[in-house]
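>>> Sequence and predicted model, in that order:
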Amino acid sequence: MSPSPLLSIQGLSVTRSRGRGSPVPILQDIHIEILRGSSVAVVGESGSGKSTLAKTVLGLIPAQAGSIVTWASGTREELVGRSRAAFVPLRRHLQMVLQDPSASFNPRRRLGESISEAARALVPTLSRAAAEERARGLWQEVGLEPSLFSRYPHEVSGGQKQRAALARALAPEPSLLVLDEATSALDQSLKAQIVNLLLELRRRRDLTLVSITHDLGIARALADRIVVLYDGRIVEDGPSAAVLDRPRHPYTAALAAALLPPVPALARAQLARKSGDLKAPSPIGCAFQSRCAHAAEVCRTGEVPWLSQSPGHHTRCHREDWFS
Amino acid sequence: MSGDAILTLSDVSISFARGDRTTQAVDRLSFAMARGECLALVGESGSGKSVTALALLGLLPKQGTRISGSARFDGAELLHGGAARVRGRRIAIVFQDPLSALSPYHRVGAQIAESFTIGGVATSDADPKVIAALAAVDLLSPAEVARAFPHQLSGGQRQRVCLAMAMACEPELIILDEPTTALDVTVQLSILDLIARQMRARRMSVLFITHDLGAAASLADRVLVLYGGRRCEWGTSEEVLSAPRHPYTAALLAALPRSDHPSGTPLAAIPGRFDRSSLSGGCAFAPRCAVAEPRCRESRPMAAPSAIRLVDCHLHNDGGGA
């Protein structure tokens, strides 16, 4: 069986109006094809537009141009231009987990109730009893003790709440799960537990995962493909191992070099290679040129070409040979 | 090394009483820090690392807090009210969230000037000293930053301002409580690099509180690992991070996605979670430890204070290693 597409983003642009000034571009000309059952990580710094991308896919932010097509419901559906009301029937297929799990729960409702409610609200054919049974099943599947099912959000730990948020997102049995920094606020040992749980859920439920993260370590563990965003544009897109081990865009290389290994000699050497305040993205030419050690005359103006490095691995960089 | 220790903690315990419940946040913690060294206090939430920092500066609420033991800074007691004399003068702190450390109503320059005043140097916000302090933390246009309000700066710029404030009084010891946790990795790298350079140039001692083992490795001379308010091990960064002896340190390192980790394969997670209610008279890590023995649940391991490398683990102290 050849892999079928689940989500296809073509030429997506999102702008935000600020007061009376001209609208500010947040995302520009985004193209991403996501296959059913795959796991993609979208990485970048704050301000790169990665959270905006997640929210646009889920219909929480309107797009100004381009198209987002999904086959999550079984048929082809265009998401751009859809009203909030027209989005509702699709919600059960596209779900999201946020960084702060408290944001996913009503503080005055028991966790278990919130999960069965999510199932019933999005799958109207489900009876109350069936919804609760599903919620209890998910509770166990995400590794929570049955005794916590009727607890309130404030009565459980951050890690337990994030597991409950996962159960809530899975309640309507979605095809696509968007994780917006879902492990960022967790301790190292919990992070590893949640990553493992996500890998297991993906396999068991044939889930498609899109992880929005600034943590390249998490991206490596969770995703088979990495999309790198800088200043609202994709600068690199390719298989995880290739992107992280042999980055072909200077920005990706900078991100990878910023990941400090717990080995004193290596970490100190990495630190010594870096200094100074980081400059803002350049408004003309390549946005990264203001920070790029390899910037040349050609990078100062004009459009940057989208080049193929190898099958399935692309970069947006003029300097094809900076890494050699 | 105790001869030139700048900070010595002996048997420090901190507990909080709320109603009839008492939480033991730090439990008989002892360590010493040499002058000019950077010690990383490493641990996850609930390990007691930030509580220790606040206690050293006398910043814990008096109501309901019980502190015992001793913490000597250059020979003088810090606990039980002694910290007020040195705080902001000889010891400074930088917190995780610069936005809550800075006043939103005052220009950055005025806030830096205030730190100089506390340090006993009269100054104004346009003083060249203020501009120099901002330039020293690698801010690109210090005069502009001095005139700005905190909300007009980026997260990285704000944290640089906090560092400038902390260093204004030329402290001998600076405590950094997760200073780069909320920042992007690239910004984190440049701030850690700034700290490393300032530490050398000013010969400051640094107590670096972090949960990030990579950040600890980049900055620290020595590392102290905490779990559940108790010490696990203490040694040079190379010893603790490259040849861990405590099962908790080893497990924490193993749970990190290494650069050769094949994507889509599980990480070596530590099972279970930290549960304060399961703390007993034994080792704090025993309930989650893969190599725990019955005695680990019964008696608390404590390394001999004279040891060169402190490992609070029964299995290690047998001489058999862990």
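Thanks, I have it. Residues are numbered from 1 along each chain as shown, chains lettered A, B, ... in the order given.

>>> Counting neighbours, what do you get for the residue in the stretch 201-324 of chain A that chain B sits nearest to?
Per Cβ to the nearest Cβ, A:L260 is where the stretch 201-324 of chain A lies closest to chain B, at 3.0 Å. For glycine as for every other residue, the C-beta is placed from the backbone atoms N, C-alpha and C. Neighbourhood size, A:L260 [other Cβ atoms under 10 Å in any protein chain shown]: 23.

>>> Disregarding residues adjacent in the polypeptide, which is nearest to it?
Among residues not flanking A:L260 along the chain, B:G214 sits closest, at 3.0 Å (Cβ to Cβ, 6 or more residues apart in numbering or on different chains).

>>> tell me what the helix or strand hosting the one you found is packed against?
Assigned by DSSP states H and E, B:G214 belongs to helix B:213-219. If you count contacts as 3 or more Cβ pairs under 8 Å, 6 or more residues apart in numbering or on different chains; DSSP states H and E, helix B:213-219 packs onto helix A:264-272, strand B:38-42, helix B:185-202, strand B:205-210.

>>> could you redo the last one with a cut-off of 10 Å?
If contacts are counted by 3 or more Cβ pairs under 10 Å, 6 or more residues apart in numbering or on different chains; DSSP states H and E, helix B:213-219 sits against helix A:264-272, strand B:38-42, helix B:185-202, strand B:205-210, strand B:222-227, helix B:237, helix B:247-254.

>>> Out of those, which is the most enclosed?
Among the helices and strands packed on helix B:213-219, judged by mean count of other Cβ atoms under 10 Å in any protein chain shown, the one packed with the most neighbours on average is strand B:38-42 (a mean of 27).

>>> So what pairs up with B:L7 in the strands?
Beta bridges link B:L7 to B:M33, B:F73 when assigned by DSSP bridges.

>>> how does chain B divide into domains?
Using automatic domain parsing, the domain ranges for chain B come out as B:2-90+B:171-257+B:269-320, B:104-170.

>>> Could you check how far the first one is from the centre of its chain?
It refers to domain B:2-90+B:171-257+B:269-320. 7 Å (Cα atoms, centre = their mean, to the nearest Å).

>>> just the shortest one next, same as before
Distance of domain B:104-170 from the chain centroid (Cα atoms, centre = their mean) equals 23 Å.

>>> before we move on, back to that, out of the helices and strands packed on helix B:213-219, the one nearest B:L79 is which?
Closest to B:L79 of these is strand B:205-210 (Cβ to Cβ; 15.1 Å).

>>> Please report how far the closest residue to B:M167 other than its chain neighbours lies from chain A.
Nearest non-adjacent residue to B:M167, counting by Cβ to Cβ, 6+ apart: B:Q198, 6.5 Å away. Distance of B:Q198 to chain A, given as Cβ to the nearest Cβ, to the nearest Å: 12 Å.

>>> Equivalent analysis for B:Y248, please.
Counting by Cβ to the nearest Cβ - B:Y248 and chain A are separated by 9 Å.

>>> Number of residues surrounding the nearest residue to that residue once chain neighbours are set aside?
The shortest distance from B:Y248 to any residue other than its chain neighbours is 4.5 Å, reached at B:F285 (Cβ to Cβ, 6+ apart). Using other Cβ under 10 Å, B:F285 has 23 other residues around it.

>>> before we move on, what SS does B:V51 have?
Classification of B:V51 using DSSP: H, G, I helix; E, B strand; the rest coil returns helix.

>>> burial count for the residue of the stretch 151-300 of chain B found nearest chain A?
Nearest to chain A, among the residues of the stretch 151-300 of chain B, is B:G214, at 3.0 Å (Cβ to the nearest Cβ). Counted with other Cβ under 10 Å, residues neighbouring B:G214 total 26.

>>> and what of B:F149?
Neighbour count for B:F149, taken as other Cβ under 10 Å: 14.

>>> Check B:A143 too.
Other residues close to B:A143 by other Cβ under 10 Å number 13.

>>> doesn't it fall inside a strand?
No: counting by three-state DSSP, B:A143 is not part of a strand but helix.

>>> which residues does it contact?
B:109, B:126, B:130-131, B:134-135 (Cβ atoms under 10 Å, 6 or more residues apart in numbering or on different chains).

>>> How about B:L78?
B:7, B:9, B:12, B:55-58, B:70-72, B:84-87, B:91.

>>> downstream neighbour of the strand or helix carrying A:A54 in the secondary structure list?
A:A54 belongs to helix A:50-57 when assigned by DSSP H and E. Along the chain past helix A:50-57, the next helix or strand (assigned with DSSP H and E) turns out to be strand A:65-70.

>>> angle of that following strand against helix A:50-57?
Strand A:65-70 runs at 70 degrees relative to helix A:50-57, counting by axes from the mean of the first three to the mean of the last three Cα atoms, to 10 degrees.

>>> Name the strands paired with strand A:65-70 and say parallel or antiparallel.
Here strand A:65-70 is paired, per DSSP bridges, with strand A:5-16 (antiparallel), strand A:77-78 (antiparallel).

>>> just how off-centre is it within its chain?
Averaging C-alpha positions (Cα atoms, centre = their mean) puts strand A:65-70 17 Å from its chain's average.

>>> Give me the average confidence score over it.
Confidence over strand A:65-70 (mean pLDDT, whole number) is 97.

>>> And the contacts of it?
Here strand A:65-70 makes contact (Cβ under 10 Å, 6+ apart) with A:5-15, A:27-34, A:53, A:56-59, A:76-82, A:90, A:93-94, A:175-176, A:208.

>>> same thing with stretch B:62-71?
Stretch B:62-71 is contacted from outside by B:7-19, B:22-26, B:28-31, B:51-52, B:54-56, B:58, B:60, B:77-83, using Cβ under 10 Å, 6+ apart.

>>> Identify those among those residues that sit within strands.
Here DSSP state E is the test, and these give B:7-18, B:22-26, B:28-31, B:77 as lying in strands.

>>> filter the residues you listed to the buried ones?
Neighbour counting by 16 or more other Cβ atoms under 10 Å in any protein chain shown classes B:7-9, B:12-16, B:24-26, B:28-31 among the ones in strands among the contacts of stretch B:62-71 as buried.

>>> Pick out the most distant pair among these.
Greatest spatial distance among those (Cβ to Cβ): B:T8 and B:F16, at 24.0 Å.

>>> all strands for the stretch 51-200 of chain B, in order.
B:65-73, B:76-77, B:91-94, B:173-177 (DSSP state E, counting those that start in this stretch).

>>> and the third one with chain A, contact?
No: taking Cβ under 10 Å from any Cβ of the partner chain as the criterion, strand B:91-94 and chain A are apart, separated by no less than 16.9 Å.

>>> can you tell me the average pLDDT over that strand?
Confidence over strand B:91-94 (mean pLDDT, whole number) is 95.

>>> can you check the second one too?
Average pLDDT, strand B:76-77: 95.

>>> Also stretch A:199-206?
Average pLDDT, stretch A:199-206: 94.

>>> Keeping just the C-alphas, turn it into PDB.
Extracted C-alpha coordinates of stretch A:199-206, given in PDB (Å, rounded to 0.1, in the frame of the first residue of the first chain):
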ATOM      1  CA  LEU A 199       5.500   6.800  19.900                       C
ATOM      2  CA  GLU A 200       3.400   3.900  21.200                       C
ATOM      3  CA  LEU A 201       0.100   5.700  20.600                       C
ATOM      4  CA  ARG A 202       1.200   6.600  17.100                       C
ATOM      5  CA  ARG A 203       2.000   2.900  16.300                       C
ATOM      6  CA  ARG A 204      -1.100   1.500  18.000                       C
ATOM      7  CA  ARG A 205      -3.600   4.000  16.600                       C
ATOM      8  CA  ASP A 206      -2.000   4.800  13.300                       C
END
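
>>> Pull up the residues of the stretch 1-150 of chain A that are close to chain B.
A:39, A:41, A:43-48.

>>> please redo it, this time with the cut-off set to 6 Å
A:45-46 (Cβ under 6 Å from any Cβ of the partner chain).

>>> Taking the stretch 1-150 of chain A, what residue is nearest to chain B?
Nearest to chain B, among the residues of the stretch 1-150 of chain A, is A:E45, at 4.1 Å (Cβ to the nearest Cβ).
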